[in-house]
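> Quick one, fold the following:
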Amino acid sequence: RRAESVAGAARTSASPTTSRHRATDALAEPSAATTARYERTGRNSRGDDIAVPPAPTDERRLAAAKAAAYHCGAFPTVPTISADELVRLRDTEEKVVVVDTRSAAERRVARIPGALSKEEFEMAIEDCQDATVVCYCTVGRRSGAYAARLAKSRACKSVLNSEGILMYSYLDAAGTGPHALVDELGAPATRIHVYASPWDLASERFESVKFGVLGAIGAAFE
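Numbers count the residues shown, from 1 in each chain. Modelled structure (predicted):
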């Protein structure tokens with residue numbers, strides 16, 4: 001299945017929301033056992049939205065790493081590069097092209113500086129034949145599929161799949177300096193688009209933005 005598709009997104013609203021929403025439950029609190037079944041989804045036993053504090057950073061980072069390992073692992077023919085390895089690669093190699101395979105809406109919120117969209121990359125692909133191409137998305141599923149197709153075409157000398165922007169957000173370099181994430185205006189990003197609730201695992205330094213149902217469906221096929 002398409003892992004970065006609408007799985008889990010049905011529990012979000014149809015419009016983009018942030019992970020800092022606040023909802024007040026005026027009725028009696030459900031039992032601890034009942035709450036435990038719903039705490040990960042941001043809803044209580046009656047289906048009301050509830051404010052769920054983010055998990056501690058270490059837990060979030062571990063969950064993001066597990067998600068990236070799982071989704072990148074779906075493409076064994078494409079080598080995976082970690083977030084810190086990507087930064088080092090860009091610092092040491094002359095011709096590294098980073099391709100952001102996410103939707104335009106996601107890219108506007110935050111992107112790796114200098115990254116090209118798929119459309120921009122494909123228009124310039126003849127100039128990238130001797131480049132190392134690194135594809136990324138949220139956790140490596142969409143970028144892995146794109147990288148696998150690109151590698152099969154042999155249009156470039158080397159194609160790698162990145163762990164994704166969630167893992168990148170945990171780097172010190174993601175917040176400051178030449179490798180800092182940027183928004184659509186090129187300013188340092190303060191938010192990250194995590195696609196949908198199941199992938200709300202970015203560093204707590206950034207505010208999370210996510211799609212509702214319709215947005216997730218559209219982004220999955222963009």
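> Now the element after the helix or strand where residue 88 lies, going C-ward?
Element membership for residue 88 (DSSP states H and E) is helix 83-92. Counting by DSSP H and E, the next helix or strand C-terminal to helix 83-92 is strand 96-100.
> Ramachandran angles for residue 162?
Backbone torsions of residue 162, given as degrees, to the nearest 10, read phi -90, psi 160.
> Report the separation between the closest residue to it other than its chain neighbours and residue 113.
In space, and not counting its chain neighbours, residue 162 is closest to residue 136: 3.7 Å by C-beta to C-beta, 6 or more residues apart in numbering. Heads up, the C-betas are built off the backbone N, CA and C, glycines and all. Separation of residue 136 from residue 113 (C-beta to C-beta, to the nearest Å): 12 Å.
> Now do the contacts for the residue nearest to the spatial centre of the chain.
With distances taken as C-alpha atoms, centre = their mean, the residue of the chain nearest its centroid is residue 138 (2.0 Å). Residue 138 makes contacts with 4, 102, 106, 164, 165, 166, 193, 194, 195, 199, as judged by C-beta atoms under 8 Å, 6 or more residues apart in numbering.
> would a markdown table of those residues with pLDDT, neighbour count and secondary structure be doable?
Formatted as a markdown table, these follow (pLDDT from 0 to 100; neighbours: other C-beta atoms under 10 Å; DSSP: H, G, I helix; E, B strand; the rest coil):
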| residue | pLDDT | neighbour count | secondary structure |
| --- | --- | --- | --- |
| 4 | 45 | 28 | coil |
| 102 | 97 | 25 | coil |
| 106 | 97 | 25 | helix |
| 164 | 98 | 32 | coil |
| 165 | 98 | 34 | helix |
| 166 | 98 | 30 | helix |
| 193 | 97 | 27 | strand |
| 194 | 97 | 27 | strand |
| 195 | 95 | 32 | strand |
| 199 | 94 | 26 | helix |
